[in-house]
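Engineer: give me a 3D structure for the following:
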Amino acid sequence: MAAITAKMVADLRAKTGVGMMECKKALNEANGDFDEAVKLLREKGLSVAAKKAGRIAAEGVVDIMVEGDCAVMIEVNAETDFVAKNETLKEFVRGIERAILAGKPATIEELLALPYDDSFTVDAKVKDMIFTIGENMNIRRFVIVEGIFSTYIHGAGTTGVIVKFNTDADTAAKPGFAEFAKNIALQIAAGSPPSYVTRDQVPAAAVEEEKQVLIAQIKNDEKNASKPDAIIEKMVTGKIGKFYQRECLVEQGYVKDDSMSVGQYTEATAKELGGAISIDSFYLYEKGEGLEKKEDNFGDEIAEMLNK
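Structural biologist: Here you go, the predicted structure:
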């Protein structure tokens, strides 16, 4: 059997990111063959990755990449904030974004089948990253936007926004448009997150549900409990406007000037630039939104170790 030196172990660890003892075991098993040891660790890593896939990955990063008139926004999750801030993860995310811009997949499944580089598919690269970093991670969601848009990433990737606009190229090229577009993206990220652009996009069922909530609130107020239904209906009609102001972007108060709504700000900008402008759609990603975060119980962890 070939002698395994400390340098061989250190080189294998630098190549794979795996612990020293595992590297030494792999080199012994491969009889000192470096490439074979890498292969053995990768094979082992894929099985480890499968075990780790059940662990909660609620940290991570939201990122945006723009190429010409096309933008992609993606959320990739990991288990810890430390890994989320790792430059290796950030480059991994950028590689996925490049694959999306090149292949234009419609689903996560299609994305995973795309080539990541000359050596990996995206799916294989995800498994390789789990193996290298030692945490579960997954591609949660992505969106591709084409046309005239504005983008915004907050901080180190906690929140991302893409807003698409309906306007012509000449209007979009004017200096004032870029500032306006950025302000709309900031509005979505910094304000109360809207659900729709305009009130005609709000489903009738959502409006009816809000009306029923308002009716219940009014009737539960002793001052209004005895009022006729016709009067209560008029009160609801007056209150439903606040629902639209909360849920519809163009009806929200503009965060930089509360004397006007976002819709009025858009109209004023269009008039100033001499072109037609409207907000087509928007996408808001907040890192880990809706995901359960792992709560470690040290006592349970010790008990589990003792029972192995």
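Engineer: tally of neighbours for Arg64?
Structural biologist: Actually, residue 64 is Ile. It isn't Arg. Using other Cβ atoms under 10 Å, Ile64 is surrounded by 21 other residues. (Glycine included, C-beta is placed from N, CA and C.)
Engineer: helix, strand or coil: sort out the closest residue in space to Glu29 that isn't next to it in sequence for me.
Structural biologist: Nearest residue to Glu29 in three dimensions, chain neighbours excluded: Leu40, at 5.9 Å (Cβ to Cβ, 6 or more residues apart in numbering). At Leu40 the chain is in helix, as set by DSSP: H, G, I helix; E, B strand; the rest coil.
Engineer: which residues does Leu40 contact?
Structural biologist: Ala26, Glu29, Ala30 (Cβ atoms under 8 Å, 6 or more residues apart in numbering).
Engineer: contacts only, for the first one.
Structural biologist: For Ala26, the residues meeting the contact criterion (Cβ under 8 Å, 6+ apart) are Leu12, Val18, Ala37, Val38, Leu40, Leu41, Lys44.
Engineer: let's see 7 Å
Structural biologist: Leu12, Ala37, Leu40, Leu41 (Cβ atoms under 7 Å, 6 or more residues apart in numbering).
Engineer: gap between the second one and Val66?
Structural biologist: Spelled out, that is Ala37. Per Cβ to Cβ, to the nearest Å, Ala37 is found 41 Å from Val66.
Engineer: between these two, tell me which one has more neighbours.
Structural biologist: Neighbours per residue, other Cβ under 10 Å: of Ala37 and Val66, the larger number sits with Ala37, 28 against 15.
Engineer: now do the contacts for Leu186.
Structural biologist: By Cβ under 7 Å, 6+ apart, Leu186 lies in contact with Tyr152.
Engineer: distance between the helix or strand where it lies and the chain's centre?
Structural biologist: Following DSSP states H and E, the helix or strand that holds Leu186 is helix 175-190. What separates the centre of helix 175-190 from the centre of its chain is 20 Å, taken as Cα atoms, centre = their mean, to the nearest Å.
Engineer: re the thing from before, reformat the contacts of Ala26 as CSV; add pLDDT and distance to Asp117.
Structural biologist: Output for those, formatted as CSV (pLDDT from 0 to 100; distance: Cβ to Cβ, whole Å):
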residue, pLDDT, distance to Asp117
Leu12, 80, 22
Ala37, 85, 22
Leu40, 78, 22
Leu41, 74, 20
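Engineer: and those residues, which two are the farthest apart?
Structural biologist: Greatest spatial distance in those: Leu12 and Leu40, 10.1 Å, computed using Cβ to Cβ.
Engineer: can you pull out the helices in the stretch 201-308 of the chain?
Structural biologist: Assigned by DSSP state H, counting those that start in this stretch, the stretch 201-308 of the chain shows helices spanning 204-219, 229-247, 262-273, 298-306.
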